[in-house]
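Participant: everything below, folded, please.
(one chain, ligands or ions: 1)
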Amino acid sequence: MRKNILCANWKMNKTYSEAQDYFKELLSMDLPGSQVDIVVAVPDLFAKMALDESEGSDIKIGVQNAYPKESGSFTGETSVSALADLGIEYVIVGHSERREIFNESDAFINEKVLAVFEQGMTPILCVGESLEQKEKGETKKVVNEQIEKGLTGVQAEDISQLVVGYEPVWAIGTGKTASDEEAQQAAAAIREKIAELYSQELADEVRIQYGGSANPENIGSFLAQTNVDGGLIGGAGLEAASFAQMIKVAGTHD
Ligand SMILES: O=C(CO)COP(=O)(O)O
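Facilitator: Numbers count the residues shown, from 1 in each chain. As a prediction, the model looks like this:
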């Protein structure tokens, strides 16, 4: 049985003091931490504070990107090893905003997935089709390709730890969501692909989140899908109260 995993992706939002207030508010709430894994993916600048604030709680801290080298002349980047050393547990990799705005290729995303695993952290590998690809009926083909390229060289022993974020690009920040059935179909295609690359047994352990305009009202119907094991939450994760509501919903779905 897969435990739901809900991750708030703050993207490039909040000041330091707003970030502190968020953790204080979220931690003051009664959250079903034993039923759902809770992650907040913060900008790197807030990572240490977020770890300190959440220490001893059920909240795990993630970041939204990492550079796949231990150290070196990579001006402006943060290394996977520094993040792991700090205590970061999750790294979002291959978010569509990084694929589009920063031209990240599947090959570079694959390097990041490997580096994150190597440092003992968990990658949340994001995949998803554009509107044009959806309209051409290419969703399955696109996500399968992103999964295959993103996971090249990943050892079977690491695969059960993997988290996949299925985020249809057209649903991100638009107020439009995939239907429950579309999310279920895409997640099933992702799981089938992982089974083909590894084994059904390992694929059955991988958690697949839905992301794209998810909110407290609609998250329950995504989580009710057998192949959807959590959510990757943008806008609705920016307020502690709304994220907490979603965590409570996730805690009641298996
Ligand atoms: O990109 C997302 C999370 O990574 C989804 O963002 P929204 O929930 O704001 O659509």
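
Participant: write out the residues of the stretch 1-150 of the chain neighbouring the ligand.
Facilitator: Residues of the stretch 1-150 of the chain lying near the ligand by CB under 6 Å from any ligand atom: 9, 95. Every C-beta, even on glycine, is put in place using the N, C-alpha and C of the backbone.

Participant: can you find the residue of the stretch 151-254 of the chain that comes nearest to the ligand?
Facilitator: Scanning the stretch 151-254 of the chain for proximity to the ligand using CB to the nearest ligand atom identifies Gly234 as nearest, at 2.2 Å.

Participant: show me how far stretch 89-103 is from its chain's centre.
Facilitator: Relative to the chain's own centre, stretch 89-103 is displaced by 10 Å; criterion: CA atoms, centre = their mean, to the nearest Å.

Participant: what sits up against it?
Facilitator: 7, 9, 11, 39, 41, 60-66, 80, 83, 104, 106, 109, 112-113, 116, 121-128, 146, 150, 163, 165, 167, 169, 172, 232 (CB atoms under 8 Å, 6 or more residues apart in numbering).

Participant: for it, how far is the first residue from the last?
Facilitator: 25 Å (CA to CA, to the nearest Å).

Participant: buried ones in that stretch?
Facilitator: Buried residues in stretch 89-103, defined by neighbour count with 16 or more other CB atoms under 10 Å: 89-99.

Participant: which ones are touching the residue of the stretch 151-254 of the chain closest to the ligand?
Facilitator: Gly234 is in contact with 9, 11, 172-173, 211, 213, counting by CB under 8 Å, 6+ apart.

Participant: buried members of those into ChimeraX, please.
Facilitator: Buried residues within the contacts of Gly234, by 16+ other CB under 10 Å, are selected in ChimeraX with:
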select :9,11,172,211,213
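
Participant: in strands, which of the contacts of Gly234 appear?
Facilitator: Those of the contacts of Gly234 mapping onto strands are 9, 211, per DSSP state E.

Participant: need the contacts of Gly234 in a markdown table (columns: pLDDT).
Facilitator: Output for these, formatted as a markdown table (pLDDT from 0 to 100):
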| residue | pLDDT |
| --- | --- |
| Asn9 | 98 |
| Lys11 | 98 |
| Ile172 | 95 |
| Gly173 | 94 |
| Gly211 | 98 |
| Ser213 | 96 |
